[in-house]
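K.L.:
When you get a sec, could you give me coordinates for this:
(2 chains)
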Amino acid sequence: MWTKLKNLPYIIIYIAGVLLLLLAAVFYRQPLLSVLLILMIVLPFLSVYAARCAIPRIEVDIIPEYREYELPGEVRLIVSVSNPTFLPLLNCRLTYRIENMYYPDGRDRELLFPAEARRNKKIYIPVTVESAGMLRLRAMKVEISDPLHMYTQYIVKSDMYDIPVMPKSNKPEKISLTKSESMEEDAIWAPDGELTMDLRQIRDYVPGDRLKDVHWLIAAKRDELPVKEYERAKELYYMLLPELTEDTLQDTLSTFYGLAQALLDMGETFRVAVYRDFEGIFDFITVEDEVSLKQSLYELYREQPVTDSAAYEKYKDMYPDSIGLVRIRGREITEG
Amino acid sequence: MTLGRPAQEKRIAAELTSYGLYVGEPYTIGEGGRAYLCLVRGLLVFLATLGTIGGLTASFGLSFNPVAVGTGLLLISVMVAFTYYNKVTFYVGYILMFMIFLVLYVVAYIQINSGFQAFLNEIYKAYSDFFNLPSTRETTEYITNRSITVPAAMLFTGAGFAILLNISISAYMDLFSTFLLTFLPMQLAFYIDIIPPVPYLVMLVTVYITVEVLSRSGRFRLPYRYKKGQQYQTLAKKKSVRHEYLASAGGMLQMAMGAMLISAVLMLILSSVFGTRFNTRFVSNKVKDSTDKYVEALAQGGIASLFNRYQATGGISHGRLGGISSVAPDYETDIIVRTIPVSTEAGGRMSSIYLKAYTGVWYENNQFSMILHGANGEASGSIPADDYIPVGANYMDSDGTAYLKMWLMNTDADNTYDYRPYYTLYSSSGRNEKASGISHRIKRYAEVTLDAAAMEKVDRDKLTEWVNEKSAKGDNNSFYELIYTPYAESTYYEPNPTITEDYETYVYDNYLGISDELTDVVHAVAAEAGLDSISVSPQDISPTDASMQDDREYMAKQMTRLKIAATLKRFYAEEYSYSMLPGATPVGRDTVEYFLTELKRGYCVHFAASSALILRSMGIPTRYIEGYVINPTDMIEGEAMYGAASDWVYGEYTASAQDKVAVVDAEIPDANAHAWIEIYIDGYGWIPYEMTPPSDAEDIQYNGLADFFAGLFSRTMRGTEDNDTGVMDSDIDVGTLGSKLARGRLSQALSSVDFLLLPLLIVTAVIIGVIVLYRLTRYMVFRARIRRLKKSGDYNELLLIRYRSLLKIMRKKGLIDVSYPTVSEVCHKLSGLNENEDRISALEKTISKAAYARGQIMYDEYMAALDIIKDIFNS
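P.N.:
Numbers count the residues shown, from 1 in each chain, chains lettered A, B, ... in the order given. The predicted model follows:
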């Protein structure tokens, strides 16, 4: 809903100015000028009226050009402006905010733009990014004033977009890491190692089951949700633990991304331990393809880096018997 | 402004380090470039230039080819606007244009100059017509083919205007300076009620509106100051970063087109309001009147007439005429008198009393000096001691000769002279004869006429007491007592016993002189006034006194003199006008000559000086006099009391000790300073004669800020006879003054704006009419749509129209605060308003069906829903 604001000082100055001139015109017997000035008093009302009719029909949106970007690169934001009316409005203002969640900016950004009559146009805002992370784009407010700037309407926006920026891939030349084993089964989601293609049983759905294991064929025929349970192969897997510290954040992300891609290239399925510093817990994400790798990255992007990460110590506390944990800290990959 | 490259890079690096990103300058693909921007600015400059130059030229009836001139001005304007294209054009452009300007001027000097002269000639003609000026200035057009000269001058002037307007519009987008540059020249036309053709006014108003709107938007940056292709500039602050667009050429153009549409509508309204029916010719006020005087002076005498001028305060000027452009009295009291008002006029009205001070004899170098030039024209000393006021033997009334007493205190008047009423026999000032003006001969006459006892009646104690009372502030003023016999016009003349043959010879030797340079001029004016043919035949004289029967020749000669003077006075009244702001005489011109031949307006000094010379040219001994005049109004406003008649009246008037007379203390301000002439009547002496005609409009008299503003509201009608000089104005009585004062300020203020009433009413009616018409049209369209939908059975749309109306009202009432509420949200709100829930639910269902279902709702459903909506409206 558009909210109205009146530029009272200017209205007063305008009217007072015109009246003063009118007085002079009357004293100097200038009938044409006098009537012209009287008509000038009508102009602000006309301007406001026209703006009031036009503004609700104007649409302003800000969106990222693509859903995801990679480093090094340029994120392009698109401000689409649509003015289907015959009134050109040259005083439009969009307030938005864009920031990398790792490096909060806290500054509002204002875009002053014209909305020419009967025109749809796109304004491109180039954003140079040098750091990986989640960019958050938030449209906050659109303000539009009438041509004489006497009256302003604004609308509060709540559109928000998260734009992931992938890190540079820092692939290790050689991987000689130990796979993890002897993990307590209930400790993590799907903790029971790699699955084979051998079907063990079909059972009812329980929360936590992977959607891909739902037997959709049967589900479509019956009013139930059966899940295919496979034989577990007690195979070993890699457990990656990226430690998000402030000074090595970008290196850690690059190294993790490179290692993960290398593992996927090797056909390995692995897990990522995302440490939730605030809650002091771990989320484990199984990565078996590019999509799940990105998901794991997004999870990492939602975590704020700390000065000194306690992730490893916490992991060891929680899982003292675990072996084969791959620690990623900066460019270093160590087993712990 | 853009940052330098290193600073920019540093800033980007800092942003990237701190925030991991840097937001660059926004851009729009396909947005018009610099050239487009310059072109739009050039268009605005063109509209302003053509509006001014074309409008002004067309206003004064000079014909030109609008297409050719318009194209030329468009090219010039666009070229000028392109100086802001980039830095090179900016720094080189103006120099280049100046060079082109110069070359064009040199090459087409004669054409351009002739065009200007043509324009000036038309202006002079129009102003002469408007103000009914007796003469029109004319300049020489070297080339008379105006189809060449006028466009040449227009293009040349237009180029100058375009350069200035390019600064005010393109660079600063400043309405004030644009208005001054364009509207002030148009005043040449507006001032004399010429309304330029509507298209030119539309152009000007278009520019005003566009400039104001763009100025308000703040987005009119000059392209040359930014990088090529840059569309936005970034302003980083601590808590925010702002990207501002520099300028929108498309937006500017659209705005100009919209402004043109509005201007056209405004101007159509205005032209329908005014047409040719209205003019300000006969309506004015004090302030405009005073401006008119300057404009008239300018139109008649050119710019030179506005220079070499100064403003004189009141008081006497010792015969000096030149260089005074206006008289602005300070209204300080110069003289205080105590006397008894006299009535020498028919009907018993009070008369003015003239207080003579300065006598001018020889006129040369813009001054009537006291130097005698004798019969041969060579200077022969100053006025002798006894050349003052011979006493005439006229009568105050039938009771016989009476002599009146006057106390006079000089508080601020020139102290060089005594101030003497006509005809003073005695003065106690104690000055020498020359300064007091009372010769031995007169004194002797007075002693004989007034008996010695009367002379002894001078009561010095009472006079001193009066002076002390009046000058309580401790001023050291000169004061004296005077005894005089009042002069009355048209009374019977008797030979003056104080005049000798030698004196008459002296008079004829010294008071007929005119300098050689002025002889032709005064003779020409005398002839124009028809003075040559005036004569009174001795047969026309019918003496009432037996003693005069044999002296008809003498009487005819004297009567001819008076008739000539009266004719000249009438000529002045008809052909000349009174003005306290006449404008100064140009350098090198003689004031009398300039006044008589060109200026034809002035105040008492001009009329007295020139008439003295004209009458001399007719063989009438005349002299120029300065002094003060006590008007009847001064006496009415003075402090009145009654005194013993025997103290104030002497002579044959026999007053008993009980008789009382009105005694008045009058304060005479410097504004009462005056100039008149004295005409010599053979055997009788000098008689004062008023030559200043009545003013035809009230002249502005600034007396502080309050009076200035009062003047603004005071309406005057040009062409009406309204003398405010007070000079020889014997018609003023208490009743007239009272009626003048009774006119309230409010009624004056209202009457001063009555010229606007009709236009205002029409404009208001048009505005109201447009609003009513708009609403009516909308309503009619709405009703027509409803009828059409009913006819076609589209009940879905019908119901949705009603629903939208409901939404509008709910929005107005603040019941809905989202842009696009769902039907259920709306109905939920309605339920909360104590509406019947079942009905609301039914309404929701029907509206949803109408909005989303494929089929049409039935008529009954529509009517039921409509009933509910109506009920909601009503509640």
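K.L.:
And for the closest residue to chain B within the stretch 1-150 of chain A, the neighbour number?
P.N.:
Nearest residue of the stretch 1-150 of chain A to chain B, counting by Cβ to the nearest Cβ: A:Ser131, 3.4 Å away. (Each C-beta comes from the backbone N, C-alpha and C, glycine too.) A:Ser131 has 19 neighbours, counted by other Cβ atoms under 10 Å in any protein chain shown.
K.L.:
Strands along the stretch 201-336 of chain A, start to end?
P.N.:
Ranges of strands in the stretch 201-336 of chain A, per DSSP state E, counting those that start in this stretch, are A:226-232, A:238-242, A:270-276, A:281-287, A:325-329, A:332-335.
K.L.:
Chain B: which of these is closest?
P.N.:
strand A:238-242 (17.6 Å).
K.L.:
And that closest one, how far out from the chain middle?
P.N.:
25 Å (Cα atoms, centre = their mean, to the nearest Å).
K.L.:
strand partners of that strand, parallel vs antiparallel please.
P.N.:
strand A:270-276 (parallel), strand A:325-329 (parallel) (DSSP bridges).
K.L.:
Output those in a markdown table; the columns should cover distance to B:Ala566, mean pLDDT and mean neighbour count.
P.N.:
Output for the strands paired with strand A:238-242, formatted as a markdown table (distance: least, Cβ to Cβ, whole Å; pLDDT from 0 to 100; neighbours: other Cβ atoms under 10 Å in any protein chain shown):
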| stretch | distance to B:Ala566 | mean pLDDT | mean neighbour count |
| --- | --- | --- | --- |
| strand A:270-276 | 119 | 89 | 23 |
| strand A:325-329 | 123 | 90 | 22 |
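K.L.:
among those, which is nearest B:Tyr417?
P.N.:
strand A:270-276 (112.3 Å; Cβ to Cβ).
K.L.:
can you count the residues close to A:Ser292?
P.N.:
Neighbour tally, A:Ser292, other Cβ under 10 Å: 17.
K.L.:
For residue 270, give me its contacts.
P.N.:
I'll assume chain A. By Cβ atoms under 8 Å, 6 or more residues apart in numbering or on different chains, the residues touching A:Phe270 are A:237-240, A:260, A:263, A:286-287.
K.L.:
right idea, wrong chain: chain B
P.N.:
A:32, A:35-36, A:39, B:201.
K.L.:
Name the member of those with the most neighbours.
P.N.:
Busiest of the contacts of B:Leu270 [other Cβ under 10 Å] is A:Leu36, holding 25 neighbours.
K.L.:
Make sure that residue is indeed in a helix.
P.N.:
Yes. Looking at A:Leu36 with DSSP: H, G, I helix; E, B strand; the rest coil, it is inside a helix.
K.L.:
and it, what does it touch?
P.N.:
Per Cβ under 8 Å, 6+ apart, neighbours of A:Leu36: B:205, B:266, B:270.
K.L.:
what's the spacing between the last one and B:Val202?
P.N.:
What it means is B:Leu270. 10 Å (Cβ to Cβ, to the nearest Å).
K.L.:
Repeat that for the second one.
P.N.:
In this view, B:Leu266 and B:Val202 are 8 Å apart by Cβ to Cβ.
K.L.:
For burial, what's the neighbour tally of the residue in the stretch 201-336 of chain A that chain B sits nearest to?
P.N.:
Nearest residue of the stretch 201-336 of chain A to chain B: A:Gln250, at 8.7 Å (Cβ to the nearest Cβ). Here the number of neighbours of A:Gln250 (other Cβ under 10 Å) works out to 20.
K.L.:
Contacts only, for it.
P.N.:
With contact taken as Cβ under 8 Å, 6+ apart, A:Gln250 is in contact with A:131-132, A:167.
K.L.:
In strands, which of the residues you listed appear?
P.N.:
Within these, no residue falls in strands by DSSP state E.
K.L.:
Buried ones in stretch B:499-511, by neighbour count?
P.N.:
For stretch B:499-511, burial by neighbour count (16 or more other Cβ atoms under 10 Å in any protein chain shown) applies to B:499, B:503, B:506-507, B:509-511.
K.L.:
Chain A next: which of those are close?
P.N.:
For chain A, no contacts are drawn from the buried residues of stretch B:499-511 by Cβ under 8 Å from any Cβ of the partner chain.
K.L.:
got CSV for these, with secondary structure and pLDDT too?
P.N.:
CSV is the format used below for the buried residues of stretch B:499-511 (DSSP: H, G, I helix; E, B strand; the rest coil; pLDDT from 0 to 100):
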residue, secondary structure, pLDDT
B:Ile499, coil, 76
B:Tyr503, helix, 81
B:Tyr506, helix, 84
B:Val507, helix, 86
B:Asp509, helix, 86
B:Asn510, helix, 85
B:Tyr511, coil, 89
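K.L.:
So which residues of the stretch 201-350 of chain B form strands?
P.N.:
Using DSSP E, counting those that start in this stretch, the strands of the stretch 201-350 of chain B run over B:232-236, B:240-245, B:283-285, B:310-312, B:324-327, B:333-339.
K.L.:
cool, the stretch 51-200 of chain A as well?
P.N.:
Using DSSP E, counting those that start in this stretch, strands in the stretch 51-200 of chain A cover A:59-64, A:69-70, A:73-83, A:89-100, A:108-115, A:119-129, A:133-145, A:151-156, A:160-166, A:195-204.
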